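Novice: This is the structure alone, sequence omitted:
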């Protein structure tokens, strides 16, 4: 469980995080989204004790990171695919991480296999691609089999096969009871992976909702008719929200059957009536652009 309560962080006159509150629960993947400069990375750093809050609390399993007795067995994090000694192999890097955290060395081969690095264990990390370093960062994060996982842009540098692998792994971890918090700009991937979405802008919460509810809010009906003015008037009279988009009416707030009844009342002939679900990207842009004004 991750809990952020009234979190603030100022750097001089700049308030990077402004009274942010949200929670990420066990057994789910929470997408942590926002434009550049929204305060996402600063929030993650406060959760991990790398940055001290100016106010509020950032808790993991009910405790501040600094109060966790064996943090590697409680929370795994991958904020950057850097920090590896370029002359060290992946296996040696993970052995050092195990020794530092007091973990059994048997975990090394297990995470190498799980992250698809088993065939590159003896190669020096300096020769790894960005995608391979991302896999190694994730392998390091899950060494202690933590119930909480915090990731910042984990798909960065992965090819399509790697992204598919990452999606399956995160879903597997969540279904095993893990709390997974993922910050990402790859909204199409978040839409396929996340159960819940937290959207921030200018350090403030914009939306906190299940993905199904958020995307459900974006269901629209698109109508084409040769009598658009008459039909729009009838629909607005029935409580619908109607806007023009090219040669179509975009209708929200009523079901398709009501559009049919309104068309019958005004004698409008429908040549198209289709329901379209707005994707996460469109909803994200609408919410954040409004906040940034």
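Specialist: All right, it came through fine. Given the structure is predicted, the values throughout are model-derived calculations rather than measurements.

Novice: Tell me the buried residues in stretch 140-155?
Specialist: 140-144, 146-155 (16 or more other Cβ atoms under 10 Å). For every residue, glycine as well, the C-beta is placed using N, CA and C.

Novice: Where helices are concerned, which of the residues you listed count?
Specialist: 140-141 (DSSP state H).

Novice: May I have the secondary structure class of the residue most central in space within the chain?
Specialist: Residue closest to the average C-alpha location in the chain (Cα atoms, centre = their mean): residue 31, at 1.9 Å. When the structure is reduced to helix, strand and coil (DSSP: H, G, I helix; E, B strand; the rest coil), residue 31 reads as strand.

Novice: Is it correct that residue 179 is in contact with residue 151?
Specialist: No: between residue 179 and residue 151 no contact is recorded; they are 11.5 Å apart, counting by Cβ atoms under 8 Å.

Novice: neighbours of the closest residue to residue 70 other than its chain neighbours, just the number please.
Specialist: Residue nearest to residue 70 in three dimensions, not counting chain neighbours: residue 102, with 6.9 Å by Cβ to Cβ, 6 or more residues apart in numbering. Look at residue 102: counted by other Cβ atoms under 10 Å, it has 10 neighbours.

Novice: Now do residue 102, the pLDDT please.
Specialist: If you check residue 102, the pLDDT there is 92.

Novice: Distance-wise, check the residue lying closest to residue 159 once chain neighbours are set aside relative to residue 90.
Specialist: Residue nearest to residue 159 in three dimensions, not counting chain neighbours: residue 131, with 6.2 Å by Cβ to Cβ, 6+ apart. Counting by Cβ to Cβ, to the nearest Å, the gap between residue 131 and residue 90 amounts to 13 Å.

Novice: between those two, who's got more neighbours?
Specialist: When residue 131 is set against residue 90 and neighbours are counted by other Cβ under 10 Å, the residue ahead is residue 90, at 27 against 19.

Novice: How is the protein divided into domains?
Specialist: Taking automatic domain parsing as the domain assignment, the ranges for the chain are 2-211, 219-277.

Novice: These: which one's closest to residue 290?
Specialist: Put simply, out of the domains of the chain the one that sits nearest residue 290 is domain 2-211, at 8.3 Å, with distance taken as Cβ to Cβ.

Novice: Alright, I will stop here.
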